[in-house]
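Colleague: give me the fold of what follows.
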Amino acid sequence: MNISILLRHSGSWESDVRYERYISDGIVVCENISFVNLISAIKAELGIDEFKKNIEVRYVVEGNSSPLCIRNDMGVKLYIEIKKHEVGFGMYPLCIDTSDKSDEEIQNFDATTGAIVCVEGGKSDAKALTIVESKIGDSYYIPEMEVKNYISDTNISVVEVKQMYKDKATLKAVMEKYKIKNSFNFKVKRSDNKSGVTAPILGNHKRKHTPNDIITDIRALYGVEISYQQAWRSKERALEMIRGKPADGYKQLPRYIYMLETVYPNSYIRMHKSEKNEFMYLFISLRPMMRGFEFCRPVVVVDVSHLSGAYRGTFVSASTLDGAGCILPLAYGIVDTENDCSWIWFFQQFKNAFGERDKMCVVSDRNESIKKGAYRKEDFEKLMAKLEKIDGRVKEYLQDAGYERWSRSHATVNRGRMMTSNIAECINGCLVDARQLPVIDFLEEARILFGSWNCKNGEIASYTKETLGRRFEEILIINASKCATMKVVASSEFIFSVYEGGIRYIVCLERKTCSCGRFQHDEIPCAHAMAVLKKKNIKDVHPYCSDYYKHDALANTYAVPMEPMPDKNDWTAPECVLNEVVLPPRYKKMPGRPRKKRKKNPDEKLSTKTNCCGRCGQEGHNIRTCTFFPKNS
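Modeller: Residues are numbered from 1 along each chain as shown. You can find the predicted model right below:
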C-alpha cells in the first residue's frame, strides 16, 4: 500500500503548532518505509544537500500542544499508522526544517573519538545500500547506476566521501587497513544485519509470502528486477535470521523442557535420544491437562500429523472431550517417524503419566465409515443386511476388522459420543501452519493453542452452575422437543413403554436405560426418557445425567490454569541442563518440492464445514448475536 504525503518546507513556526509561509511539495512512499529511506526520499525531492544540511521532520496532531518529531523507525511507523486513518493528501503534512552543519559534522573523521562516520550518499547510493543490506541479490550483484567511485579492491589506500563499496566485507577490509595505516580507531555508526524487505513480513508464520510476492515488492519499492532464485534465497535467509537454524532448536530442547517443568510443576515430560544423542521421541503432558482428565470420561483420541520443517518428524497428540463437549488436550509430543516403536513408547509414557482407569478406551481412526455405528444391535444388523445386498465384500471386510472396534452397539466399553478421531484432527488443523516452524517454535505454538483453549473453556464452565455442559444441555432441549407427540404407558414405578411412530421402546428410570440404546450409551435422557420424565412431572432431569456433564466436574477440569511461559530471552537453566547434547534426527531429504497436504485415501469424503460462534462454539449464530454469556449491565 502506497501513501501520499504532503511536504511543507522553507517556512517558519509562528507558534508551537502553526507552521507559516511555507512551500508545498509531495512524495509517495510505501507503508513499511524505514526512517533512513524516508529522509532520503525527502532530501531527493526537495534537493537538500545532506553533506551541508541537517534535516528535522515534524508534524502536528490535532489536540496536541506541540509538534511530534520523527527521529527513528518507530517515529515513522507511528506517523504511517496515524496517516492510514486519514488518507487525505492534505492531512498531517510533514514540516521540514533544515540547518547548516558545523565543520565537525561535515568531516567524516572525528579527531576526538577516532571514529569514521559512514555518511550515506545521494538517491542512487541509498538505493544501492538498501539492496546490499537486504541481501536480496547475489553477493556480487551491482546495480545498474552511474557510479564513478565504485570500490571492489580491498587493497585500496584512499578513502573518500561518496565511495560505493561492492559489499560490507570489502568496506570492512578497507577500513581495517586504513585505520592501521593512519593510526586511529573507528566505530560503526549503523550496521543492521536484520534489515530488509522480506524479514518483517515473514515474522508471522501464518502469513503466506511467496518468492513471486518478494519479486513484486522489490519492483514496487526499488524499481529493481530480481530472479525467482534470488527471491527464494532472500526468503530462506530472512527465515534463518528470524527463526535461527533448524538444528539449533534441538540443541535448545533441554532448556525448553527445564522451563516447562519450572512453570508447570508436577508435569510429566520425557525425551528419548539415540546412542549418538540424536533426537527420537518427546512426550509432554502438563499438569493442568493431567488434572483435567480425572473429571472426564476415560476415552482418549490419538492421531498424528507430519511436520514439514527441515528435519520432518511426526506430531502425536492425545485428547478427550470435557463435560461441555469441548476438546481437552491431554498429551502431545514429537517422534522421528510413525512406527511400532514410537507408538509403543508414546503409549507407555501416557500410561506412566495418567495411570490406568476402569473401562478406558483409545480411539484412533481416520476412516469416515466409523461414524456409521448404530446404538442398537437390531438396527446394526438391518444396516449390515442392506450393505450385503449392495456389495458383500464390504461386509466381509468390516467383519474381519471386528465390529467391536468401530461399532457403537458392539463396543466392549462405553465410548459415549466419541466414535471418531475428529477432535484430534481439529488440533492438527489448528497447527497446520505451525508445522513448518523449528521444533521449539512449533512446541510453543501448540502450548499457546492449548492454553487459550483452557482459558476459554474454563470461562464457559463458569456459566454452567445451574445447567449441564453446553452441548449436553442442547441435547436435553432437543430431546424434550421430540417427546411432545409420544405416548407413555406405565408398567411399574420405574418401567414404562413409550410409543413413537408405531414402535414401542422400553424405558427404565431406575437403571437409566432405554431399548433405543441412547439413554445408557450417552448417559443422558433420550427423547423416550424425556417423555417419561414429563409424564411423571419431573422438572429437574439432571440427576439422570452423567456426573461428567455437571458443573462440579467442569469446574474441576479447569481448576488448574495454564500459566504463560517467559520470553525466550528470559529462559534460565543450570549448567548441567545447558551442557546436555541433543542432535537433530537423521533425515534423508527427498528430491522435489515437499508435499503440503497429506495424500487422502480414496474412501475419505470431503466434509462440509458448519460455521460456529467464535465465542461459545455453538452453531447457528456468530459472536455478535451470541447469548450464551450474560451481558454486563
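
Colleague: you'd agree residue 24 is up against residue 11?
Modeller: No: the pair residue 24 and residue 11 does not pass the contact test of Cβ atoms under 8 Å, sitting 9.6 Å apart. Quick note: C-beta positions are derived from backbone N, CA and C, even for glycine.

Colleague: these two: which is more packed in?
Modeller: residue 11 (16 against 12; other Cβ atoms under 10 Å).

Colleague: just checking, residue 362 touches residue 298?
Modeller: No: in this structure, residue 362 is not within contact of residue 298 by Cβ under 8 Å, at 9.7 Å.

Colleague: those two: which has the busier surroundings?
Modeller: Neighbour count, other Cβ under 10 Å: between residue 362 and residue 298, residue 298 has more, with 20 against 14.

Colleague: contacting residues around the more buried one?
Modeller: Shown in contact with residue 298 (Cβ atoms under 8 Å, 6 or more residues apart in numbering): 357-361.

Colleague: for it, give me the pLDDT.
Modeller: We have a pLDDT of 87 for residue 298.

Colleague: ok, now the one 10 residues further on?
Modeller: The predicted structure scores residue 308 at 78 on the pLDDT scale.

Colleague: and residue 393, by the same measure?
Modeller: pLDDT for residue 393: 67.

Colleague: ok so, going back, who wins on neighbours among the contacts of residue 298?
Modeller: Most neighbours among the contacts of residue 298, by other Cβ under 10 Å: residue 361, with 17 neighbours.

Colleague: ok, which stretches of the stretch 101-250 of the chain are helices?
Modeller: For the stretch 101-250 of the chain, the helices defined by DSSP state H, counting those that start in this stretch cover 103-106, 123-134, 168-182, 198-201, 211-222, 228-243, 246-251.

Colleague: packing partners of the third one?
Modeller: Put plainly, it is helix 168-182. Under the contact criterion of 3 or more Cβ pairs under 8 Å, 6 or more residues apart in numbering; DSSP states H and E, helix 168-182 touches strand 115-116, strand 150-151.

Colleague: quick one: mean pLDDT for that helix?
Modeller: Per-residue pLDDT over helix 168-182 has a mean of 85.

Colleague: buried residues in it, which are they?
Modeller: The neighbour-count check on helix 168-182 (16 or more other Cβ atoms under 10 Å) flags 171, 173-175, 178 as buried.

Colleague: follow-up on the earlier one: worst average pLDDT in the helices and strands packed on helix 168-182?
Modeller: The minimum mean pLDDT among the helices and strands packed on helix 168-182 belongs to strand 115-116 (a mean of 38).

Colleague: all helices in the stretch 301-450 of the chain, in order from the N-terminus.
Modeller: For the stretch 301-450 of the chain, the helices defined by DSSP H, counting those that start in this stretch occupy 340-354, 377-390, 392-401, 403-406, 422-430, 439-461.

Colleague: lowest average confidence across the ones you listed, which one?
Modeller: Minimum mean pLDDT among the helices of the stretch 301-450 of the chain: helix 403-406, a mean of 52.

Colleague: circling back: okay if I get the contacts of residue 298 as CSV plus distance to residue 151 and pLDDT?
Modeller: Shown next, in CSV, are these (distance: Cβ to Cβ, whole Å; pLDDT from 0 to 100):
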residue, distance to residue 151, pLDDT
357, 74, 84
358, 79, 82
359, 79, 78
360, 73, 82
361, 73, 81
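
Colleague: which of the residues you listed lies closest to residue 235?
Modeller: Residue 235 has its nearest neighbour among the contacts of residue 298 in residue 361, at 45.7 Å by Cβ to Cβ.

Colleague: pairing partners for that closest one in the sheet, please.
Modeller: Beta bridges link residue 361 to residue 299, judged by DSSP bridges.

Colleague: so it makes contact with residue 301?
Modeller: No: shown here, residue 361 and residue 301 do not form a contact pair, counting by Cβ under 8 Å, at 9.4 Å.

Colleague: just to be sure, residue 504 is in a strand?
Modeller: Yes: judged by DSSP: H, G, I helix; E, B strand; the rest coil, residue 504 forms part of a strand.

Colleague: where's it relative to residue 42, distance?
Modeller: Look at residue 504 and residue 42: by Cβ to Cβ, to the nearest Å, they are 88 Å apart.

Colleague: okay, and for the chain, where does confidence drop off?
Modeller: 87, 102-148, 189-195, 197-199, 365-373, 375-384, 387-425, 587-611, 615-620, 627-633 (pLDDT under 70).

Colleague: nearest to residue 15, of the helices of the stretch 101-250 of the chain?
Modeller: Of all the helices of the stretch 101-250 of the chain, helix 103-106 sits nearest to residue 15, with 29.3 Å by Cβ to Cβ.

Colleague: which non-adjacent residue is nearest residue 319?
Modeller: residue 329 (4.8 Å; Cβ to Cβ, 6 or more residues apart in numbering).

Colleague: neighbours around that neighbour, how many?
Modeller: For residue 329, using other Cβ under 10 Å, the count is 26.

Colleague: quick check: it vs residue 493, distance?
Modeller: Using Cβ to Cβ, residue 329 is found at 44 Å from residue 493.

Colleague: got it, and residue 186?
Modeller: Taking Cβ to Cβ, one finds residue 186 at 98 Å from residue 493.

Colleague: who's more crowded, those two?
Modeller: Applying other Cβ under 10 Å to residue 186 and residue 493 shows that residue 186 carries more neighbours, namely 18 against 9.

Colleague: ok, the more buried one touching residue 179?
Modeller: Yes: shown here, residue 186 and residue 179 form a contact pair, counting by Cβ under 8 Å, at 5.4 Å.

Colleague: helix, strand, or coil at the nearest residue to residue 534 once chain neighbours are set aside?
Modeller: Computed as Cβ to Cβ, 6+ apart, the closest residue to residue 534 that is not its neighbour in sequence is residue 483, at 6.1 Å. Secondary structure for residue 483, judged by three-state DSSP, is helix.

Colleague: double-check residue 483 against residue 531; I have them as touching.
Modeller: Yes: at 3.7 Å, residue 483 counts as touching residue 531 under the criterion of Cβ under 8 Å.

Colleague: I appreciate the help and will end here.
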